[in-house]
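**Q** compute the structure for the input listed below.
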Amino acid sequence: MTQLLLKLFIRNQNPQEPGARTAIGKLSGVVGIVCNLLLAAAKLVVGILAGAVSVTADAMNNFSDAASSIVTLVGFKLAEKPADSEHPYGHARFEYLSGLAVAALIIVIGAELAKTALDKILHPTAVAVSVPLIAVLVASMAVKLWMSLFNRKLGKCIDSTALMAVSADSRNDVIATGAVLAAAVVERLTDLPVDGYMGMAVALFIVYSGANLAKQTISPLLGEAASPELRQNIVKVLEGNDRVLGWHDLMVHDYGPGQRFASIHVEMDQKEDPLVCHEIIDDMERLCLEKHKVHLVIHYDPVITDDPEIQAVKAEVAGILTALDSRLTLHDFRMVRGTGHSNVIFDVAMPHDMADQKSYIKKSLDAALQTKEGGVYHTVITFDLVD
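**A** Numbers count the residues shown, from 1 in each chain. Down below sits the predicted model:
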């Protein structure tokens, strides 16, 4: 069914193309609206006739999912707007904002359903369990399971957190409806008034799902770190050129799917022709954009490779850092020689959990270098916190 819908409504299925991404997002939204409205209407009818608050709560959950699909649809539409003078990096973050709006809507509806369920717990009434009620719930579970798989496939296709969230929400709905079905069967077999309690469980589950969705969408808006996979893809572009001796200070800024900007420092031998280095850097930036849709800016760092003293001291510093912690690395190493001592200037990249050890690391390096034969070295260190 998924492949059939893609063939019927998506002409270009290349996820790297902005038009295809928007079309896939719209398809998910339309399918979500139609399926959820049908399920909500069916559950609302049988729930009211049976006097089952858990079923009507599940119906309202489907109505909220339909509203979520509308918001997702609008979000993808707004996200495709091109960059303008006020928003030079485009409008792709609308996709994240739509996810946040969906989360807020889910939480509000869940809270309202909890009030209704509490009233049913305090004032229980019998539920008229019927074959149509059970049939609607079973059908709902089947449809929601398909929707979860459908959105999961689309989400992976275009690397969309919004669609993956919709997939997870549909999976959660299968569990919630299964719980409602279990409550209906229990009331039919035992006459125990569990409907209100199950309605409360569904309502709390809806609130929990909304909170999780909010967490997932807020993170990229705040500026989360680049994924290990994306970092690795960028580094592979650099490592493909043998003139690149090292790299550091990779920073990635996410302005929404397809709008990622990155900067990085690349070390090359100072003896290389600057014009040749410039051409190599241009080629790597272009390749990164073509292969990974990342606008990469490379800063060129010339390094000295043929000075024995510099290389010896650099190796000594690297060894000390590794002995202190294998996660410590250095870059931008250079030396300014003086008559009484030489300044050794470099950057140390360190994880965030070692931020309070800067003084200890510097003292350890100073102590080791001052006892080194061949001269006295003073360290001038810049500490970089990295992921």
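
**Q** go ahead and confirm Ser140 touches Leu39.
**A** Yes. Between Ser140 and Leu39 there is a contact under CB atoms under 8 Å: 5.0 Å. C-beta coordinates here come from the backbone N, C-alpha and C atoms, glycine included.

**Q** shared neighbours of the two, anything?
**A** Taking CB atoms under 8 Å, 6 or more residues apart in numbering as the contact rule, the neighbours common to Ser140 and Leu39 are Asn62.

**Q** so after the longest helix anywhere in the chain, what's the next helix or strand?
**A** Assignment by DSSP state H gives helix 18-50 as the longest helix of the chain. Sequence-wise, the next helix or strand downstream of helix 18-50 (DSSP states H and E) is helix 53-79.

**Q** got the buried residues for that next one?
**A** 53-76, 79 (16 or more other CB atoms under 10 Å).

**Q** could you do stretch 145-159 as well?
**A** In stretch 145-159, counting by 16+ other CB under 10 Å, buried: 146-148, 150-155, 157-159.

**Q** list phi and psi for Gly343.
**A** Slight slip there: residue 343 is Asn, not Gly. In terms of degrees, to the nearest 10, the main-chain angles of Asn343 are phi -90, psi 130.

**Q** ok, for it, nearest residue in space, not its chain neighbours?
**A** Val336 (4.4 Å; CB to CB, 6 or more residues apart in numbering).

**Q** list the helices and strands the helix or strand where the one you found lies packs on?
**A** Val336 belongs to strand 329-337 when assigned by DSSP H and E. Contacts defined by 3 or more CB pairs under 8 Å, 6 or more residues apart in numbering; DSSP states H and E place strand 329-337 against strand 246-254, strand 260-269, strand 294-303, helix 308-324, strand 342-351.

**Q** between it and strand 246-254, how many degrees?
**A** On the basis of axes from the mean of the first three to the mean of the last three CA atoms, to 10 degrees, strand 329-337 is oriented at 120 degrees to strand 246-254.

**Q** and strand 329-337 with strand 294-303, angle?
**A** 40 degrees.

**Q** quick one: residues in contact with strand 329-337.
**A** 246, 248-249, 265, 267, 301, 303-304, 307, 309-310, 313-314, 317-318, 321, 342-349, 382.

**Q** weed out the non-buried ones from these.
**A** 246, 248-249, 265, 267, 301, 303, 310, 313-314, 317, 321, 342, 344, 346-349.

**Q** on that earlier part again, what's the burial count for the residue nearest to Asn343?
**A** 11 (other CB atoms under 10 Å).

**Q** against Gln311, how distant is it?
**A** 16 Å (CB to CB, to the nearest Å).

**Q** identify the residues contacting stretch 227-246?
**A** Contacts for stretch 227-246 (CB under 8 Å, 6+ apart): 247, 250, 252, 260, 262, 264, 266-269, 272, 277, 280, 283-284, 287-288, 291-292, 294, 296, 303, 305, 331.

**Q** cutoff 6 Å now
**A** The contact list for stretch 227-246, computed with CB atoms under 6 Å, 6 or more residues apart in numbering, reads 247, 266-268, 280, 284, 287-288, 292.

**Q** which one of the residues you listed has the most neighbours?
**A** Cys288 (23 neighbours).

**Q** the residue nearest to that one when sequence neighbours are not counted bridge partners, please.
**A** Leaving aside its sequence neighbours, Cys288 sits nearest to Leu296 (CB to CB, 6+ apart; 4.1 Å). Beta-bridge pairing of Leu296 under DSSP bridges involves Ala262.

**Q** okay, Leu296: pLDDT?
**A** You'll see Leu296 listed with a pLDDT of 93.

**Q** same check on Thr22?
**A** Looking at Thr22, its pLDDT is 76.

**Q** would you confirm that it contacts Glu80?
**A** Yes. Applying CB atoms under 6 Å, one finds Thr22 in contact with Glu80, separated by 4.5 Å.

**Q** tell me which of those two has more neighbours.
**A** Remark: of Thr22 and Glu80, Glu80 carries more neighbours, 19 against 16, as counted by other CB under 10 Å.
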